[in-house]
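Student: all I have is the shape, not the residue letters:
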């Protein structure tokens, strides 16, 4: 594979762990919406989109999946469902793709009950392997809220180096507070 458009829509990470492009059909939207609702309190401190004013219904989630499919086609964002033992347990994807510098940003979230099992670390490694080895990417960035300790641990565990702390860089609209982000990066040469 030499081109981004050929990025696989199914990645078998290991037995019982897969990354799947999630087709924009209503059954998928209902399943993903149910997972978001179940994890709303777990996600909300770090991911503003999870607030109930942004993700109110399965229809909102369907629109998200439809937008994601369009972004995949335009090669601007590649988003996957994380499936463990055939159940969706989260999402992972890469975006802010810059083909000139061969770089992108990687993001993820996981069901609270699945945290601490190495699932996200394995998924990060699977995506970065394709980006670095098959597509010739040079740099992958992971950003997370400073208070999201688990997300920062994933970045460090996968060999990313902390490059910055962006103090009070983002406004959380739902509670009108500023948050600090950590920036981690990994180079192909690392």
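Tutor: Looks like it came in fine. The model shown is predicted, which means the values in this text are computed figures rather than measured ones. Residues are numbered from 1 along each chain as shown.
Student: could you check how far residue 28 is from residue 5?
Tutor: Distance, residue 28 to residue 5, using Cβ to Cβ, to the nearest Å: 22 Å. Glycine gets a C-beta too; all of them are placed from N, C-alpha and C.
Student: who's more crowded, these two?
Tutor: Between residue 28 and residue 5, counted using other Cβ atoms under 10 Å, the more crowded position is residue 28 (18 against 10).
Student: give the contact list for that one.
Tutor: Shown in contact with residue 28 (Cβ atoms under 8 Å, 6 or more residues apart in numbering): 22, 65, 81.
Student: now residue 163
Tutor: So residue 163 contacts 183, 184, 185 (Cβ under 8 Å, 6+ apart).
Student: next, format the contacts of residue 28 as TSV and append distance to residue 124 and pLDDT.
Tutor: Shown next, in TSV, are the contacts of residue 28 (distance: Cβ to Cβ, whole Å; pLDDT from 0 to 100):
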residue	distance to residue 124	pLDDT
22	18	91
65	22	92
81	15	95
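Student: among the residues you listed, which one sits closest to residue 121?
Tutor: Using Cβ to Cβ, residue 81 comes nearest to residue 121 of the contacts of residue 28, at 17.2 Å.
Student: thought the closest one was touching residue 108?
Tutor: No - the criterion here is Cβ atoms under 8 Å, and residue 81 misses it with residue 108 at 11.3 Å.
Student: where does the protein dip in pLDDT?
Tutor: Within the chain, the stretches falling below the threshold (pLDDT under 70) are 1-2, 49-54.
Student: need the longest helix for it.
Tutor: helix 58-73 (DSSP state H).
Student: which residues touch it?
Tutor: 21-26, 28-30, 32-34, 36, 54-55, 77-79, 93, 95.
Student: among the residues you listed, name the ones in helices.
Tutor: With DSSP H as the criterion, helices contain 26, 28, 29, 30, 32, 33, 34, 36 from among the contacts of helix 58-73.
Student: would you turn the residues you listed into CSV with distance to residue 125?
Tutor: Converted to CSV, the ones in helices among the contacts of helix 58-73 look like this (distance: Cβ to Cβ, whole Å):
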residue, distance to residue 125
26, 32
28, 25
29, 28
30, 30
32, 23
33, 28
34, 28
36, 25
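Student: across the sheet, point out what pairs with residue 17.
Tutor: residue 14, residue 84 (DSSP bridges).
Student: list the contacts of it.
Tutor: Shown in contact with residue 17 (Cβ under 8 Å, 6+ apart): 82, 83, 84, 119, 122, 123.
Student: can you pick out the most distant pair from those residues?
Tutor: 83 and 122 (12.4 Å).
Student: residues contacting stretch 104-122, please?
Tutor: For stretch 104-122, contacts defined as Cβ under 8 Å, 6+ apart pick out 13-14, 17, 35, 38-39, 42-43, 46-47, 82, 84, 89-98, 123-124, 127-128, 131, 137, 139-143, 150-151, 154, 157-158.
Student: which of those fall in helices?
Tutor: Per DSSP H, these map to helices at 35, 38, 42, 43, 123, 124, 127, 128, 150, 151, 154, 157.
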